[in-house]
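K.L.:
Any chance you could fold what I've pasted below:
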Amino acid sequence: MWEEPPGGDVVCHGRRQMAERFGEFLATWSEFRIEAEEFIQLDDDHVLVVARQHGKGARGGVATEARVYIVWKFAGEKVVGTYCFFDRAKALRLAGLGQQ
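P.N.:
As a prediction, this is how the structure comes out:
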C-alpha cells in the first residue's frame, strides 16, 4: 500500500508494478529526494523509516517538504510490504503497535 493525499491507497503487487508506480510518481516532480533520518526496528517483521522528502513539482515548480513514515514489512529476509504515511501514528497502527 502506498498512501497518497487525499488518503487514496495505491496497491502494487510485485517489483514490476512497484517500479511502474514509482516511475509515474517521480514523473510528477522535476526534483525529488528522500532523506532517511531514523531507522527503528519495531519487531521481528517491521522496520519504521522516518524520513524527510523534498520535491519540486514538474508543472509549477513549487517546492515541498514533508516528513514521511515508511513501514517495511519482512518475511525472513524478504520485503513483503512497503507502506508510506504522513502520520506516524497511522504507520505504527499498521505495524500493530499503536502509539509509540
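K.L.:
contacting residues around V80?
P.N.:
K73, F74 (CB atoms under 8 Å, 6 or more residues apart in numbering). Quick note: C-beta positions are derived from backbone N, CA and C, even for glycine.
K.L.:
Could you look up the next helix or strand downstream of the helix or strand hosting it?
P.N.:
For V80, the element it lies in under DSSP states H and E is strand 78-85. Sequence order places helix 88-94 as the next helix or strand after strand 78-85, per DSSP H and E.
K.L.:
tell me what that next one is packed against?
P.N.:
The contact analysis (3 or more CB pairs under 8 Å, 6 or more residues apart in numbering; DSSP states H and E) places helix 88-94 against strand 46-57, strand 63-75, strand 78-85.
K.L.:
and the longest helix for the chain?
P.N.:
If you go by DSSP state H, the chain has its longest helix at helix 14-26.
K.L.:
so is the residue of the chain positioned farthest from its centre in a helix, a strand, or just coil?
P.N.:
Distance from the C-alpha centroid of the chain peaks at G60, with 23.5 Å (CA atoms, centre = their mean). Under DSSP: H, G, I helix; E, B strand; the rest coil, the three-state class of G60 is coil.
K.L.:
I'd like the helices and strands packed on helix 88-94 as CSV, with mean pLDDT appended.
P.N.:
Formatted as CSV, the helices and strands packed on helix 88-94 follow (pLDDT from 0 to 100):
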stretch, mean pLDDT
strand 46-57, 95
strand 63-75, 94
strand 78-85, 88
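K.L.:
Quick one: closest of these to R21.
P.N.:
R21 lies closest to strand 78-85 among those, at 10.9 Å (CB to CB).
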